[in-house]
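Trainee: I would like to see how this sequence folds:
(one chain, ligands or ions: 1)
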Amino acid sequence: MRMDNQRESSNFEDRGRGRGGGGMGGAAGAGALMGVFRLLGFRGVVIAIIVLGAVYLFNPFGLRESIFGQVAGLGGGAAQQAASGSGTCDASQANAAACTFSRQVLASTEDVWAQQFSQGRLPNYGNTPAAYSEPTLVVFSDSVNTACGSAPSSVGPFYCPGDNQLYIDPTFYTVMEQRLRAPGDFAQAYVIAHEVGHHIQNLIGATQIGVRGETQNQTSVRVELQADCLAGVWGHTAQADLAIDDSDLREALTAAHAIGDDTLQGQGAGSVNPASFTHGTSAQRMRWFRTGFDSGDARQCDTFSVAQNAL
Ligand SMILES: [Zn+2]
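Mentor: Predicted coordinates:
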């Protein structure tokens, strides 16, 4: 992919190091982060934060309740520019490059989804707005406060529907490359596009759908696979502008495979428990990304209309 002429989004905030992450040095903040949508599933996160000894709950159904329950007293919604010299982006050359790249990817998603919304090309859950409203990308180091609670960067990138913001510690790109063995710029772009996918779901009401007879985890898998599919739709639509080629597609599929629940669990304790899956298997994540990437049509991303065993 090529980013030479791509603008950088202005919907961006550098929160800096540990701003508002009070008490997050260890397990003190465990359970504080509620109702968010993440890139990584439960066990994947446990593996990532095993050093901290903290476990974070994933709770798509308690969304509204947890957001409103957590908002008071956290003060996480106040956008504040980090003081000069203490920002995340100027902490290292790698961070600076990651910030620029992330802003460019976000700008591309803004262009793509503005177009998709104006054309009404979205799954219909009864309340799709006519126009796209853009989310803000927050970069931070170590820990961050959000309307959904506070979080250490070890939870991985996430989206908080309570403040319409995407959160990422840019060092996650290094985690992808080294620990998850998912290198490449398009793999990184997939991360941003996946979180933007959760924002789309928030706008169209997909995050509020419960499926009769299903466990919370099973419905979570639908939500996450749809976000992967929407990331693919972005890739398809931006293909010409960003010169996205076959090797880029392979990078994204490698990343989607690396963060499948079965793969992450297999790397952990070694035993795989499908009932605990929240994000889908590697095969499912790859398949739904491809569904979006091949079709370029978000209406093909209706994971809620597919039988559980056909996902
Ligand atoms: Zn997700």
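Trainee: alpha carbons only for contacts and neighbour counts from here, please
Mentor: OK.
Trainee: looking at it, Leu264 is touching Ala258, isn't it?
Mentor: Yes. In this structure, Leu264 is within contact of Ala258 by Cα atoms under 8 Å, at 7.1 Å.
Trainee: quick one, which of the two is more surrounded?
Mentor: The residue with the greater number of neighbours, taking Leu264 and Ala258 and applying other Cα atoms under 10 Å, is Leu264; the counts read 25 against 22.
Trainee: Quick check: which element contains the most centrally placed residue in the chain?
Mentor: With distances taken as Cα atoms, centre = their mean, Glu195 lies nearest the centre of the chain, 2.8 Å away. Secondary-structure assignment from DSSP states H and E places Glu195 in helix 185-204.
Trainee: number of nearby residues for Gln6?
Mentor: Burial of Gln6 is recorded as 15 neighbouring residues (other Cα under 10 Å).
Trainee: Could you measure from it over to the ion?
Mentor: Relative to the ion, Gln6 is positioned 25 Å away (criterion: Cα to the ion, to the nearest Å).
Trainee: which residue sits closest to that residue, ignoring its sequence neighbours?
Mentor: Excluding the flanking residues, the one nearest Gln6 by Cα to Cα, 6 or more residues apart in numbering is Gln104, at 5.9 Å.
Trainee: list the contacts for that neighbour?
Mentor: Contact analysis of Gln104 by Cα atoms under 8 Å, 6 or more residues apart in numbering lists Met3, Gln6, Arg7, Glu8, Ser9.
Trainee: Give me the distance between the nearest residue to Trp288 once chain neighbours are set aside and the ion.
Mentor: With Cα to Cα, 6+ apart as the measure, Cys229 is the residue that lies nearest to Trp288, at 4.8 Å, once sequence neighbours are left out. In this structure, Cys229 lies at 11 Å from the ion, with Cα to the ion as the measure.
Trainee: in the stretch 51-200 of the chain, which spans are strands?
Mentor: For the stretch 51-200 of the chain, applying DSSP state E, counting those that start in this stretch gives strands covering 136-141, 143-146, 149-152, 158-160, 165-168.
Trainee: right, so of those, which gets closest to the ion?
Mentor: The closest approach between the ion and any of the strands of the stretch 51-200 of the chain, judged by Cα to the ion, belongs to strand 158-160 at 6.9 Å.
Trainee: can you give me how far that closest one is from the chain middle?
Mentor: Centroid displacement of strand 158-160 relative to its chain, using Cα atoms, centre = their mean, to the nearest Å, is 6 Å.
Trainee: Spell out which strands sit alongside that strand in the sheet and which way each one runs.
Mentor: strand 37-38 (antiparallel), strand 165-168 (antiparallel) (DSSP bridges).
Trainee: Keeping just the C-alphas, turn stretch 141-149 into PDB.
Mentor: Below are the C-alpha coordinates for stretch 141-149, written out as PDB (Å, rounded to 0.1, in the frame of the first residue of the first chain):
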ATOM      1  CA  SER A 141       1.100   5.300  26.200                       C
ATOM      2  CA  ASP A 142       0.800   2.800  29.100                       C
ATOM      3  CA  SER A 143      -2.800   3.600  30.200                       C
ATOM      4  CA  VAL A 144      -5.800   5.700  29.400                       C
ATOM      5  CA  ASN A 145      -9.100   6.900  30.800                       C
ATOM      6  CA  THR A 146     -12.200   6.700  28.600                       C
ATOM      7  CA  ALA A 147     -15.900   7.000  29.000                       C
ATOM      8  CA  CYS A 148     -15.900   3.200  29.300                       C
ATOM      9  CA  GLY A 149     -13.400   3.200  32.100                       C
END
